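Engineer: Give me a 3D structure for the following:
(chains A and B)
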Amino acid sequence: DAGVTQSPTHLIKTRGQQVTLRCSPKSGHDTVSWYQQALGQGPQFIFQYYEEEERQRGNFPDRFSGHQFPNYSSELNVNALLLGDSALYLCASSLAIGGGETQYFGPGTRLLVL
Amino acid sequence: DQQVKQNSPSLSVQEGRISILNCDYTNSMFDYFLWYKKYPAEGPTFLISISSIKDKNEDGRFTVFLNKSAKHLSLHIVPSQPGDSAVYFCAASAYHNDMRFGAGTRLTVKP
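Structural biologist: Next comes the predicted model:
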């Protein structure tokens, strides 16, 4: 049973650049959520995708955007990178609608913005 | 907004003893609570959950207690093992909305 996978594992970018992170959900899951985890903090919700549409969004600027594909995989795009975007980006997948159902996390992509 | 708080950044216990990790929340609309464990360089791993209609849920060595009137939940691990050493996150959600996480508690179990 394949778990949640994310790519790449690590990434280094410079300020102003754009980045795309990828996520494949756990087999059978149809909902993907993205989180940002800064050092020493808990994960912060960015947004959630279900049926290829953004269903919920946290308190993140429009520079953060996403996409979900028909096979339920998802991408997180961040434009005009800032130093403060350096963090661990986590993808979580779940079955059925919304939170309240258990979400399973991938290993994360560690982004460093210089 | 810190709707979920874990006020103890770290906890150290002896192997075989009980570990108690605490979590407080402010949003009375939360109806589902979870605990995740995180090792370095890995994503959070789901540990145990509890619905607001219950006050206790047990899974092997792990038990979660929910006190809705106090807006408090706790995770008990007994007996604690060195392999339990990790960062533990408390999370909560309201009516199928996004999960809110606490800042985590680093548990160290000493042999």
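Engineer: ok, residue A:83 touching residue A:113?
Structural biologist: Yes - under the criterion of CB atoms under 8 Å, residue A:83 is in contact with residue A:113, at a separation of 5.3 Å. For glycine as for every other residue, the C-beta is placed from the backbone atoms N, C-alpha and C.
Engineer: so the spatially most central residue of chain A is in which element?
Structural biologist: Taking CA atoms, centre = their mean as the criterion, residue A:34 is the residue nearest the geometric centre of chain A, at 3.0 Å. Taking DSSP states H and E as the criterion, residue A:34 maps to strand A:31-37.
Engineer: Look up phi and psi at residue B:82.
Structural biologist: Torsion angles at residue B:82 (phi, psi; degrees, to the nearest 10) stand at phi -50, psi -30.
Engineer: Enumerate every residue touching it.
Structural biologist: For residue B:82, the contacting residues are B:15, B:109-111, taking CB atoms under 8 Å, 6 or more residues apart in numbering or on different chains as the criterion.
Engineer: Now the buried members of these.
Structural biologist: residue B:109 (16 or more other CB atoms under 10 Å in any protein chain shown).
Engineer: can you put the contacts of residue B:82 in TSV and add secondary structure?
Structural biologist: As requested, the contacts of residue B:82 are exported to TSV (DSSP: H, G, I helix; E, B strand; the rest coil):
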residue	secondary structure
B:15	coil
B:109	strand
B:110	strand
B:111	coil
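Engineer: a markdown table please, covering the contacts of residue B:82 and showing pLDDT.
Structural biologist: Formatted as a markdown table, the entries for these read as follows, by pLDDT from 0 to 100:
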| residue | pLDDT |
| --- | --- |
| B:15 | 97 |
| B:109 | 98 |
| B:110 | 96 |
| B:111 | 92 |
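Engineer: from the contacts of residue B:82, which two are the most distant?
Structural biologist: In terms of CB to CB, those reach their longest pairwise distance at B:109 and B:111, which sit 7.8 Å apart.
Engineer: Quickly list what's touching both of these two.
Structural biologist: Taking CB under 8 Å, 6+ apart as the contact rule, residue B:109 and residue B:111 both touch B:15, B:82.
Engineer: Quick one: name the residues of chain A near chain B.
Structural biologist: Taking CB under 8 Å from any CB of the partner chain as the contact definition, chain A meets chain B at A:4, A:6, A:33, A:35, A:40-45, A:48, A:56, A:58, A:90, A:92, A:97-108.
Engineer: now with 7 Å?
Structural biologist: A:40-43, A:45, A:48, A:56, A:58, A:90, A:97-100, A:102-108 (CB under 7 Å from any CB of the partner chain).
Engineer: ok, residue B:102 touching residue B:5?
Structural biologist: Yes - because the distance of 5.8 Å satisfies CB atoms under 7 Å, residue B:102 is recorded as touching residue B:5.
Engineer: So is stretch B:44-63 next to chain A?
Structural biologist: Yes - between stretch B:44-63 and chain A, judged by CB under 7 Å from any CB, the touching residues are B:44, B:46, B:49.
Engineer: And the buried ones among the residues of chain A next to chain B, selectable in PyMOL?
Structural biologist: Only the buried members of those enter the following PyMOL selection, criterion being 16+ other CB under 10 Å:
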select buried, chain A and resi 42+43+45+48+56+58+90+98+99+100+102+103+104+105+106+107+108
